[in-house]
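Visitor: 3D, please:
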Amino acid sequence: MLLRLENRYREAQPYVLELYRQGCFRREYLLTTGRAENHGLLTGGDDKYLDVCRSGVPNDPLPLLNRVSVEQFVANPTPALRLLEANLARAPDLIEAQARRGWLLLTAGTDDEFLSWNRSLSRSADEHPLVWVARGLYTRSHGDQHGAVRCLLQAIELDPFNRQAFYHLAQLFRDLGEIPSAEACARRANLLERFESVLGAPPTTLEQLHDAVEIAESLQRPWEALGWAHEAVRLFPDDRSSAEMVVRLKSEVSSQMSLCAITRDSDWNIRPAKYPLPDWASLIVKDRAQPASTSGGGAVRFADRAKSLGLNFLFHNGADPASGTAYMFELSGGGVGVLDFDGDGWPDLYLTQGCHWPVNDRQTKDLDRLFRNVRGERFEDVTTAAGLVENGLSQSASIGDINADGFQDVYVGNVGANRLWLNNGDGTFHDATESAGVAGNDWTASAAFGDLNGDGLQDLYVVNYLSGPDVYTRKCFHPVGGDRVPVQCSPTLFPAAEDRLYQNLGDGRFADVTNESGIVAPNGKGMAVVLADFDGSRRLNVFVANDTTACFYFMNRVDQPGGPLQFVEQGVQIGLAYDDAGNAKSSMGTATGDANRDGRLDLFVTNFSRELNNLYLQQPGDVWVDSIRESGLAEPGYALMGWGTQFLDGNLDGLDDLFVANGDLYPTSNPYQMPQHYFHNRGNGRFTLAAPESLGPYFTHSWLGRAVARLDMNRDGLADLAVTHVDSPFALLVNESPRHGRFLSVRLRGVVSDREAIGATVRVTAKGQTWSRQLVGGDGFAVSNERVLTFGLGETESIDSISVAWPAGTDDVFQEAVPTDSELLIVEGSRRIVFLNRNP
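Guide: Predicted coordinates for the structure are as follows:
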């Protein structure tokens, strides 16, 4: 027990193994061996016991190790480093403390500090897997892939269950072209994460206990498989299958077996000696120089103009406080679709609405609303005139042009059957759901349109969340004092709802090609989606943010235009499935942009409170690295629950800033309503949280923020934000920054490519600098952004050239001077640029 409390799990394992051999399988022992990487998760009682230990012997460094484990996984590692230094001053040979110090120095220290730490280690440190993990990650980040592989293989020789090592090995082997090894490591990383997820509850139901047995067997952990089978018999003595498991597993273990039954000869045949150890003297020191700034940007300021512009809207999430219940679907704040439904050039707004539960398909009180933008001066509610009667429990709005007629259509994701509203081209819509065949009957959180096979027609990817017979009716409570407060249940209590992929057949109909296309992946609890040409192949890949499970990255394998849709899930191999430690997160929202201005798309992903968000920076070769800890985004967001998020260049200085909507789920949380965050990009992927008072009154208040969409409502070149909330009206944050740079806004029209040109990349060059932006589909959690690319150009007065890389494979290049502060239309294959008049 004492070793566990001090987070010395590795040292505790031989003692627990001896207890297993004697037939003692207590739950705390199983959690000790099963969750060895999950440092620092103490109960209040454990914490109090360690406080007694620390006060009794203040100079004893061992009780401090637990506090270091708690601190090191939060956003700011500085307190953990201070505690470790205090530990090591008293006991310099304490290898557990040395190992953790190296891990922290990866992000909190300098190159010199890390290398000094490495040189100072005794030979006994080579027996600690975390030392080798730290060495491997440092080596990888400094350009030595083979050395990184060797270090991480050394780690799993010492600890065959090190999830972080397997996760990074999967990416390294893929980068080195060793695909079978990459796939083997990815499978093991996924199994280890599944095991952690099952034990994290911890398991109490019969299904969860049997899952623990099955995964432990798959991981070749025979004693733990037997232990969890015993636990199933203890909790469910009448279950015959559990008793049979115990009998079978007992016959398969022997007293000579260790915790891990993997053998070098058969189960794991990748040899560390094949790869050289790092040559520390030759590693490439990372370039920390800031990119050249375009300047011309100033302070960013927003004003919520929703009410004054006529956008009077409050989302009804189906909650009924008087009932004393809180259902899962009440988490939503509604979705936003930005579209130009009447083709006048001004961005209109489609806002989804909820309703009372159960849904009454005849009710007309709570309807989705369509607001027409009148030249940026006001919005008019044209829902009735447009023929829209969407009365379900709506969650998301996705915008596309499924028949390429130039008029944007709306796909509404609901709790239950979804709906496709086809634009008639005369300011009205009609319900085309049944004829299109895209209704489904799941809980849809988000969806995205894009041409996935290069035939010029937009296909539809639908992200579904949870399923199960009681997903809409199950009741959960939090104990507060002597009361039980109703709250939404944990998503871990429900199975995932499978995503759907619909192929556009070109005649108004879609075919459900989910199974044959390869997008079926286990345990995806999707919340957000992005379709983009992430790898420069001119094909759209699919990123899905999943809640409490691994995120998905479906790589497009269509081999010719119009060919069958075919995808391969590669999230682990490219570094987007988990965080930098190999952990699945409760992911909610995504933003796509170029955080470090290197010309490649990056991803920001929001997560649950007391989880770090993720900033995935794309590296050459379609590999991604979670750089949240060094970005400046980690600590401000750690205690908050993030939802919708968008990159935007708020002051047009050429660097993508970041907005994050925050808000808790549980009224018992402190805080419940949360601040909304705006981060200034300072270059090289580093951000600073803006002071709320500098941003405007909206930011000085707290909200239950949810979905966020980006648009330019008044076409002044400054990005505006549409934000939904729970229990507060919709907000339209109009960018009223007094000092800002110049801009160029580009609208695209595909001809051979799909008409909206999803996946097209535009590059703008002036005075030796190049800016690039891509038009992506999906846009994150429950929203669709305006289909326009806006470039912040600082003080640049004229553009030298513009190029467009179209999804169909051709490039259009315009070598001509273009004045900034202009709005352009570029048609695929055209030889001229069309200048748009914003003031007709």
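Visitor: what stretches of the stretch 401-550 of the chain score poorly on pLDDT?
Guide: Across the stretch 401-550 of the chain, nothing is flagged by pLDDT under 70.
Visitor: show me where it has helices.
Guide: For the stretch 401-550 of the chain, the helices defined by DSSP state H, counting those that start in this stretch occupy 433-436, 514-517.
Visitor: For Ala545, which of those is the nearest?
Guide: helix 514-517 (18.8 Å; C-beta to C-beta). To be clear about C-beta, it is placed using only N, CA and C from the backbone, and glycine gets the same treatment.
Visitor: Which positions in the closest one come out as buried?
Guide: Thr514, Ser517 (16 or more other C-beta atoms under 10 Å).
Visitor: before we move on, back to that, so which of the helices of the stretch 401-550 of the chain is nearest Leu130?
Guide: Taking the helices of the stretch 401-550 of the chain one by one with C-beta to C-beta, helix 514-517 is closest: 40.3 Å.
Visitor: Contacts for that closest one, please.
Guide: Helix 514-517 is contacted by residues Glu498, Asp499, Arg500, Leu501, Gln503, Val520, Pro564, Leu565, Gln566, Phe567 when judged by C-beta atoms under 8 Å, 6 or more residues apart in numbering.
Visitor: Check whether the third one really touches Val513, as I assumed.
Guide: No: applying C-beta atoms under 8 Å, one finds Arg500 not in contact with Val513, separated by 9.1 Å.
Visitor: of these two, who's got more company?
Guide: Using other C-beta atoms under 10 Å, the more surrounded residue of Arg500 and Val513 is Arg500, with 22 against 19.
Visitor: List the contacts of the more buried one.
Guide: Contacts of Arg500 by C-beta under 8 Å, 6+ apart are Gly440, Asp442, Tyr461, Val462, Asn464, Asp512, Thr514.
Visitor: who does the fourth one bridge with?
Guide: Val462 has these beta-bridge partners by DSSP bridges: Ala447, Arg500.
Visitor: Could you check how far it is from Asn541?
Guide: Val462 sits 17 Å away from Asn541, going by C-beta to C-beta, to the nearest Å.
Visitor: of the two, who's got more company?
Guide: Legend: neighbour count by other C-beta under 10 Å for Val462 and Asn541, higher for Val462 (27 against 23).
Visitor: Listing request: residues of the stretch 701-840 of the chain with sub-threshold pLDDT.
Guide: For the stretch 701-840 of the chain (pLDDT under 70), the answer is 839-840.
Visitor: Number of residues surrounding Leu88?
Guide: 16.
Visitor: That one belongs to a strand?
Guide: No: the assignment for Leu88 (DSSP: H, G, I helix; E, B strand; the rest coil) gives helix, which keeps it out of a strand.
Visitor: Closest one of the contacts of Arg500 to Ser587?
Guide: Distances from Ser587 to these, taken by C-beta to C-beta, are shortest for Asn464, at 14.8 Å.
Visitor: Assign a three-state SS to Arg629, would you?
Guide: Classified using three-state DSSP, Arg629 is helix.
Visitor: Can you report how many residues lie near it?
Guide: Counted with other C-beta under 10 Å, Arg629 comes out at 20.
Visitor: likewise Arg838?
Guide: 16.
Visitor: swap in Gly621?
Guide: 10.
Visitor: So for it, what's the pLDDT?
Guide: Here, the pLDDT recorded for Gly621 equals 88.
Visitor: quick one on the thing from earlier: considering the contacts of Arg500, which is situated nearest to Glu11?
Guide: For the contacts of Arg500, the nearest to Glu11 is Asn464 (44.0 Å; C-beta to C-beta).
Visitor: quick one: that closest one and Asn441 touch, right?
Guide: No: using C-beta under 8 Å, Asn464 makes no contact with Asn441, being 9.9 Å away.
Visitor: Between the two, which has more neighbouring residues?
Guide: Using other C-beta under 10 Å as the criterion, Asn464 and Asn441 rank with Asn464 on top: 24 against 11.
Visitor: Can you tell me the centre-most residue of this structure?
Guide: Val605 (3.4 Å; C-alpha atoms, centre = their mean).
Visitor: and that residue, what pLDDT?
Guide: With respect to pLDDT, Val605 has a value of 99.
Visitor: same question, Ser255
Guide: 82.
Visitor: Pro14 too?
Guide: pLDDT at Pro14 comes out at 87.
Visitor: got a list of what Gly778 touches?
Guide: Per C-beta under 8 Å, 6+ apart, neighbours of Gly778: Ser398, Ser446, Ala447, Ala448, Gly450, Tyr461, Ala528, Val529, Val530, Leu531, Ser784.
Visitor: for Ser122, same thing?
Guide: So Ser122 contacts Asp93, Ile95 (C-beta under 8 Å, 6+ apart).
Visitor: With His210 as the reference, measure out to it.
Guide: For Ser122 relative to His210 (C-beta to C-beta), the value is 44 Å.
Visitor: Likewise for Leu105?
Guide: On the measure of C-beta to C-beta, Leu105 and His210 end up 42 Å apart.
Visitor: And for Trp443?
Guide: Applying C-beta to C-beta to Trp443 and His210 gives a distance of 26 Å.
Visitor: who has more neighbours, these two?
Guide: Trp443 (25 against 20).
Visitor: roughly how far apart are the closest residue to the more buried one other than its chain neighbours and Lys525?
Guide: Using C-beta to C-beta, 6 or more residues apart in numbering and skipping residues adjacent in sequence, the residue nearest Trp443 is Tyr465, 4.6 Å away. Spatial separation of Tyr465 from Lys525 under the definition C-beta to C-beta is 6 Å.
Visitor: Domains of this structure: list them as residue ranges, please.
Guide: Split into domains by automatic domain parsing, the chain comes to 128-280, 302-744, 745-777+788-835.
Visitor: Reformat these as TSV; add distance to Glu18.
Guide: Formatted as TSV, these follow (distance: least, C-beta to C-beta, whole Å):
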stretch	distance to Glu18
domain 128-280	10
domain 302-744	29
domain 745-777+788-835	55
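Visitor: among these, which is the most enclosed?
Guide: domain 302-744 (a mean of 21; mean count of other C-beta atoms under 10 Å).
Visitor: tell me how far the ends of that domain are from each other?
Guide: 21 Å (C-alpha to C-alpha, to the nearest Å).
Visitor: and what of stretch 326-341?
Guide: 36 Å.
Visitor: begin at 854 from here
Guide: Got it, first residue is 854 now, which makes that one stretch 1179-1194.
Visitor: circling back: quick one: the residue nearest to the centre of the chain and Lys1438 touch, right?
Guide: Yes: with contact defined as C-beta under 8 Å, Val1458 and Lys1438 form a contacting pair (7.4 Å).
Visitor: any residues in contact with both of the two?
Guide: With C-beta under 8 Å, 6+ apart as the test, Val1458 and Lys1438 both reach Asn1467.
Visitor: follow-up on the earlier one: ok, which pair from the contacts of Gly1631 is furthest apart?
Guide: For the contacts of Gly1631, and using C-beta to C-beta, no pair is farther apart than Gly1303 and Ala1381, which are 14.7 Å apart.
Visitor: who touches both of Tyr1318 and Lys1378?
Guide: Pro1344, Ala1349, Ala1350, Asp1400.
Visitor: now, among these, which is nearest to Ala1096?
Guide: Ala1349 (30.0 Å).
Visitor: Go ahead and confirm that closest one touches Met1380.
Guide: No: using C-beta under 8 Å, Ala1349 is not in contact with Met1380; the gap is 11.3 Å.
Visitor: Let me know the distance separating the closest residue in space to Phe878 that isn't next to it in sequence from Arg879.
Guide: Counting by C-beta to C-beta, 6+ apart, Gly1080 is the residue found nearest to Phe878 once chain neighbours are left out, at 3.7 Å. Applying C-beta to C-beta, the value for Gly1080 to Arg879 is 8 Å.
Visitor: Check Arg1602 too.
Guide: 67 Å.
Visitor: Endpoint to endpoint, stretch 1163-1182 covers what distance?
Guide: Note: stretch 1163-1182 ends 28 Å apart using C-alpha to C-alpha.
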